[in-house]
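[1] Let's see this in three dimensions:
(one chain, ligands or ions: 1)
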Amino acid sequence: MSAEGANSPADILLTVDTSRLARAKDAGILQPIESAVLENNIPSYLQDEDNQWFGFSQRARIIFYDKADVANPPRTYLELADPAYKGLVCIRSSTNTYNQTLLASIVTHHSAEKAKEWATGMVANMARAPQGGDTDQLRGIISGECEISVANSYYFARSIRKEVKGLSADRDMIGWIFPSQNAEGAHMNRSGGGVAAHAQTATML
Ligand SMILES: [Fe+2]
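    Below is the predicted model of the structure:
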């Protein structure tokens with residue numbers, strides 16, 4: 001959309017994660033929109049302050065664990081870095097936006113220093129080098145490579161709705177924790193969208 005500029009045929013950008021929505025706004029590929037439908041149906045905390053994007057759904061990024069092998073799973077994100085879980089934790093790469101936004105939430109709720117300490121502890125606790133997507137972290141619990149993992153909740157839910165290889169058949173092995181319920185609460189990932197900067201809004205609204 002950025003490269004196409006005014007020639008872009010796009011009317012709407014839909015994406016996941018607040019960071020991508022914010023980057024789209026910063027790149028100038030969205031435009032502010034006045035819509036009673038959006039204003040009346042979407043809480044203000046899920047809207048960009050300049051009405052350039054609107055959140056459409058929220059999904060929790062939570063902790064999963066092997067019920068048979070982990071008697072005392074981590075109850076908070078910070079506990080994932082506890083040395084008690086050394087060699088047990090699987091998580092996808094920090095190049096992924098889901099993990100970057102989770103780290104940003106730790107900076108916000110605690111501090112940059114605490115977030116750095118947490119990230120260092122996470123690396124020390126890893127069962128293997130980061131690989132694959134969220135589903136692969138859940139598969140790692142089934143295969144026994146991991147005892148504890150982090151994933152968005154819908155990756156687990158999908159294994160109930162349909163057959164997910166390496167996960168559905170043995171998913172009863174896996175327990176889950178909605179973290180930090182006595183503190184900041186579970187980290188919510190957001191999806192949303194905005195109107196493209198060069199969309200012909202007069203014909204849309
Ligand atoms: Fe996803």
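[2] where does the residue nearest to residue 155 when sequence neighbours are not counted land on pLDDT?
    For residue 155, ignoring the flanking residues on the chain, the nearest one in space by CB to CB, 6 or more residues apart in numbering is residue 134 at 4.4 Å. (C-beta placed from N, C-alpha, C; glycine too.) On pLDDT, residue 134 comes in at 98.
[3] count of neighbours near residue 134?
    By other CB atoms under 10 Å, 22 other residues sit near residue 134.
[4] got a list of what it touches?
    92, 98, 150, 151, 152, 155 (CB atoms under 8 Å, 6 or more residues apart in numbering).
[5] Next, please give the residue ranges for the strands of the chain.
    Ranges of strands in the chain, per DSSP state E, are 12-16, 30-31, 54-66, 89-90, 148-152, 174-177, 187-196.
[6] So in terms of bridging, what pairs with the spatially closest residue to residue 187 that is not a sequence neighbour?
    Nearest residue to residue 187 in three dimensions, chain neighbours excluded: residue 61, at 4.6 Å (CB to CB, 6+ apart). Legend: beta-bridge partners of residue 61 under DSSP bridges are residue 152, residue 187.
[7] Quick check: residue 61 vs residue 50, distance?
    Distance, residue 61 to residue 50, using CB to CB, to the nearest Å: 26 Å.
[8] what's the pLDDT at the residue nearest to residue 164 when sequence neighbours are not counted?
    Nearest in space to residue 164, with sequence neighbours left out and distances taken as CB to CB, 6+ apart, is residue 158 at 6.1 Å. Residue 158 carries a pLDDT value of 97.
[9] how many neighbours does residue 158 have?
    16.
[10] Quickly note the distance from it to residue 176.
    Residue 158 is 14 Å from residue 176, where distance means CB to CB.
[11] List the contacts of the closest residue to residue 96 other than its chain neighbours.
    What sits nearest to residue 96 in space, not counting adjacent residues and going by CB to CB, 6+ apart, is residue 133, at 8.0 Å. By CB under 8 Å, 6+ apart, the residues touching residue 133 are 92, 96, 155.
[12] In contact with the residue nearest to residue 187: list those residues for me.
    Counted by CB under 8 Å, 6+ apart, residue 61 has contacts 98, 102, 150, 151, 152, 153, 186, 187, 188, 189.
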